[in-house]
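J.: Would you be able to build a 3D model of this:
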Amino acid sequence: MSPRVAAVVLALAGAIHAGRAGAQAPAIEATVDSASDHFSRGATFAQQRDYESASREFEASYKFDPSKDALFAWAQAERLRGNCRRAIELYRQFLQGGGLTDAQSEAAKLNVSRCERVVEEEDALAAKYAVANPSAVAAPVPPSRRLSVLGWTLLGASAATFGSAGVFYYLARSDEQSATDSGSYEDYEPRIVRARNKMRIAAGLAGAGVLLGGGALLQYLWPLPGQANAWADPHGGGGLLIAGRF
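T.: Alright, predicted model coming up:
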């Protein structure tokens, strides 16, 4: 390549590079301006004690321009809004960034210590509450005592059987009285036989009623599978019903 051609190529390359640099400069300036705007809004919200909004603005500022000032302000907002767990993460990220003054490092470490104490107290209170209120920690609720269709059927059959037993008992007593009032043995014998037969039927029906009622009681005391699979917080924290069949 001749010296003249080489000079032309270098001139063109310089012009292209200058054009690219000129195009990138506004984009960089716009990014910095956006970060500055978000930071200013975050500072305003912080002065108004609206730390949740301040945190969002400082986070947006840090995403546009990851400066240590925005990161520290974001951590401060999280701590002041009561989110110490997130604040600890941000403070530690700030400390790992390097290039900090002694005062900056000391301030971040002090706030980490403060937040760690807050987190420890929160965990201790949560553990104490769980011990004092074991039912609040996904404790099973006792199965509800309700009769299923089978239980109601057994209970109804038991009641009907006891009713029938009462009717036969009444008829047997009536036949016994009639036999007692008869004037001859020929009248007495058939009446007393009928009375005894009806008494046996009444006794059998009463026994069947007891068995049917016992079946209904067993179903009431031991619900069918899937009848009461529920977990809830009796203090109003919430609950979850898995299944139910009543």
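J.: so which helix or strand takes in T180?
T.: helix 149-181 (DSSP states H and E).
J.: send the alpha carbons of stretch 41-48 over as CSV?
T.: Taking Å, rounded to 0.1, in the frame of the first residue of the first chain, the C-alpha atoms of stretch 41-48 are listed here in CSV:
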residue,chain,number,x,y,z
ARG,A,41,-37.1,11.5,43.1
GLY,A,42,-35.9,8.9,45.6
ALA,A,43,-34.3,11.6,47.8
THR,A,44,-37.6,13.5,47.7
PHE,A,45,-39.6,10.4,48.7
ALA,A,46,-37.1,9.7,51.5
GLN,A,47,-37.6,13.2,52.9
GLN,A,48,-41.3,12.6,52.9
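J.: So that it lines up with my notes, have the first residue be 442 from now on.
T.: Okay, residue one is now 442; in that scheme the one you just asked about reads as stretch 482-489.
J.: in this structure, which spans are helices?
T.: 444-488, 492-505, 509-521, 525-537, 543-573, 590-622, 626-662 (DSSP state H).
J.: still on that earlier bit, quick one: average confidence on the helix holding T621?
T.: Averaged across helix 590-622, pLDDT comes to 85.
J.: Report all helices and strands that that helix contacts.
T.: helix 626-662 (3 or more Cβ pairs under 8 Å, 6 or more residues apart in numbering; DSSP states H and E). Quick note: C-beta positions are derived from backbone N, CA and C, even for glycine.
J.: Just the buried positions in the helix it packs on, please.
T.: 632-633, 635-636, 639-640, 642-643, 646-647, 649-650, 653-654, 656-657, 660 (16 or more other Cβ atoms under 10 Å).
J.: can you check stretch 512-523 too?
T.: Buried, per 16+ other Cβ under 10 Å, within stretch 512-523: L512, F513, A514, W515, A516, Q517, A518, E519, R520, L521, R522.
J.: Save those as a markdown table, and put in distance to F499 and pLDDT too.
T.: Listed next are the buried residues of stretch 512-523 as a markdown table, based on distance: Cβ to Cβ, whole Å; pLDDT from 0 to 100:
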| residue | distance to F499 | pLDDT |
| --- | --- | --- |
| L512 | 8 | 93 |
| F513 | 9 | 95 |
| A514 | 5 | 95 |
| W515 | 4 | 95 |
| A516 | 9 | 94 |
| Q517 | 8 | 94 |
| A518 | 6 | 95 |
| E519 | 9 | 95 |
| R520 | 12 | 94 |
| L521 | 11 | 94 |
| R522 | 11 | 93 |
